[in-house]
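S.K.: generate a structure from the sequence data that follows.
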Amino acid sequence: MTLRVLVDGREARGEAGATLYACAESVGVYVPTSCFAQGKCRECLVEVELGAELLSPRTPEEEALDARFRLSCRARLEKGGEATVRCHTLRRGALRIEEGDYGLEQELDLCPGVESGERGVVRDGEVIDEVKGKLLGLAVDVGTTTVVLRLFDLETGVALASSAFENPQRFGGTDVMARIRFDGEHPGRLLQRTLLGYLARAIEELPGDSRRIFEVVVAGNTAMRDLFFGLDVRGVGEAPYRSLTEVELLAGRRASTALFGNPRKLRLPVHPEARIVGLPLVASHVGADAAAAMLATGIGTTDGVRVLMDIGTNTEVIAGNRARLVAASCPAGPAFEGGAIRNGMPALDGAIERVALRSDGSVESRVIGDVAPLGVCGSGLVDCLGELVRTGRMNERGRIDEEEEVHELVLDREADLRFTEFDVNELAQAKGANAAGLACVFELLGVRAGDIEVFYLAGGFARHLDLDASRRIGLVPDLPDERFRRVGNAALLGASQALLSTRKRAELEQRIARVEHVRLETHPSFFDHFVEGCLFQPFRP
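M.R.: Numbering: from 1, shown residues only. Okay, the predicted model is just below:
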């Protein structure tokens, strides 16, 4: 008797004893494995949503995993019948990719690290491939929540294709510190191998011959970048929160925090002589993604004061001008990306991205993909807060409907989607960390809101924020619209510029050397700014 198994929404039928891996394979669902499903690599993870009791007991190889996760090659069907097992791989679907010019005026500086000549493909005067043909390059932004990649023709600078997927490392935790702890407690670099397995698949799905990719440039926050290259990240999780590369730089043992990897060791399906470059870090948790965003926005090259804020699990703030630059990282956590929120989710199909409260108190919403709602993504969460404040249903301390018995906002009764005071509290703390980071940086620079020439809001989440709602709750400073510039995934844009130009890489190294990093936990005003930042009121630095 067979059992119904749903893997990534595809239906399979399995006999008792069949593994979830075999069921997935039977319906064409890719599950990474480098040990051919022998239970040794532990990469074939799936998240079980329904029917866990119908599966075999956990094996020793699975002991380190959260109860929701199983190794698909070890988890077997134990019963047949009409029941259903529902699970999904750690790549739940294609995420929305932000295309366009990001609102930034950029001149193409084409100076790639490889070139095609009479002898073939040449890098640093050395022939690395004797076959003439297209020269491809890949820019990758490894975010805590999302991984985005963009394929380029290195000879023309033209973008050929883009792809994005949810970072599969979420089985190790939703935030940076949880993943650092997981990596330290479980040897074997499972977080790295899982990520690289999914990235390899994404590269293979891009158009063209991936073996013609000769350069790969990787951006990411400090922990994500170092995990990508297989470095020990325990130092990133302990004061003074430094990458091994930063420790070595400060000790004079290296000239840059940039990293270089071997495609064979990283098991990436690119040219075997490709150069894998991890962009340099700014300092501490202000990582290579912030450095790339600096390159993309031109922060630090103007006389007027400009601010760059990339809101995410680890929000980075960089502010200043050509005379002085100050940076800080804000431990915001994953709340604004859907983590730790009852019905939170990434910006996948089914996520509520817009919320408005009508005069009669009913909810109007817009869902990504125009499908039935499954949860709420970041921009929808900001709308929820903004609308509750606007209508007076929530006070500045985050209390919803004080005179009512139930303190929540029902977003969709049929799908049982609710926005609760617990969610408000999580978002308040994330917002408080962001506001405190901004306030401390402004304090060190000696600037106020009126001094800010341009305020760059970076990241895919920020690109979809409603500015009115964001100002109303104090997520961003109370500045006029014309001062804001939403620039999308500036980290990917900066990584793309560094991919296409070795001159840009050199320029980036020079600029980050000027940045003064402030450790918020040691700043005397941080706690006061944090407490004030947790209130839902306009932020006027």
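S.K.: separation between Leu409 and Gly208?
M.R.: Leu409 is 47 Å from Gly208, where distance means Cβ to Cβ, to the nearest Å. Just so you know, the C-beta spots here come from the backbone N, C-alpha and C atoms, and that holds for glycine as well.
S.K.: which one's more surrounded, the two?
M.R.: Leu409 (24 against 13; other Cβ atoms under 10 Å).
S.K.: mind listing what's buried along the helix or strand where that one lies?
M.R.: In this structure, Leu409 sits in strand 408-412 according to DSSP states H and E. Using 16 or more other Cβ atoms under 10 Å as the burial criterion, the residues of strand 408-412 that qualify are 408-409, 411-412.
S.K.: now, which of those residues sits nearest Ile352?
M.R.: Leu411 (6.2 Å; Cβ to Cβ).
S.K.: what is the nearest residue to Ala22 once chain neighbours are set aside paired to in the beta sheet?
M.R.: Using Cβ to Cβ, 6 or more residues apart in numbering and skipping residues adjacent in sequence, the residue nearest Ala22 is Gly14, 7.0 Å away. Beta-bridge partners of Gly14, counted by DSSP bridges, are Leu3.
S.K.: Met394 too?
M.R.: Ile400.
S.K.: what about it, how many neighbours?
M.R.: 24.
S.K.: just the one 5 residues further on next, same as before
M.R.: Neighbouring residues of Arg399 were enumerated by other Cβ under 10 Å; the total is 14.
S.K.: now it: phi and psi?
M.R.: With angles defined as degrees, to the nearest 10, Arg399 sits at phi -90, psi 120.
S.K.: that one contacts His407, doesn't it?
M.R.: Yes - in this structure Arg399 lies within contact range of His407 using Cβ atoms under 8 Å: 7.0 Å.
S.K.: overlap of the contact sets of those two?
M.R.: Glu421 (Cβ atoms under 8 Å, 6 or more residues apart in numbering).
S.K.: need the three-state assignment for the nearest residue to Val176 once chain neighbours are set aside.
M.R.: Leaving out its chain neighbours, the residue that sits closest to Val176 by Cβ to Cβ, 6+ apart is Ala223, at 4.7 Å. Three-state call for Ala223 (DSSP: H, G, I helix; E, B strand; the rest coil): helix.
S.K.: so for Ala223, what's the pLDDT?
M.R.: Here, the pLDDT recorded for Ala223 equals 96.
S.K.: neighbours of Arg193, how many?
M.R.: Arg193: 18 neighbours (other Cβ under 10 Å).
S.K.: pull up the gap between it and Glu43, please.
M.R.: From Arg193 to Glu43 the distance is 5 Å (Cβ to Cβ).
S.K.: mutual contacts of those two, please.
M.R.: Joint contacts of Arg193 and Glu43 (Cβ under 8 Å, 6+ apart) are Ser34.
S.K.: give me every residue that touches Arg181.
M.R.: 173, 237.
S.K.: distance of it from Val233?
M.R.: Taking Cβ to Cβ, one finds Arg181 at 10 Å from Val233.
S.K.: before we move on, what about Arg519?
M.R.: From Arg519 to Val233 the distance is 18 Å (Cβ to Cβ).
S.K.: which one's more surrounded, these two?
M.R.: Shown here are Arg519 and Val233; by other Cβ under 10 Å, Val233 has more neighbours (23 against 16).
S.K.: I'd say the more buried one and Gly184 touch.
M.R.: Yes - Val233 is within contact range of Gly184, at 7.5 Å (criterion: Cβ under 8 Å).
S.K.: which ones are touching Leu50?
M.R.: Leu50 neighbours (Cβ under 8 Å, 6+ apart): 84-87.
S.K.: my error: substitute His464 in the last question.
M.R.: 347, 353, 378-379.
S.K.: by neighbours, which of those wins?
M.R.: Ranking the contacts of His464 using other Cβ under 10 Å puts Gly378 first, with 30 neighbours.
S.K.: excluding its backbone neighbours, what's nearest it?
M.R.: Phe461 (4.3 Å).
S.K.: I'd like the next helix or strand past the helix or strand hosting that neighbour.
M.R.: Taking DSSP H and E as the definition, Phe461 sits inside helix 460-463. Under the assignment DSSP H and E, the closest C-terminal helix or strand after helix 460-463 is helix 467-473.
S.K.: give me the mean pLDDT for that next one.
M.R.: 95.
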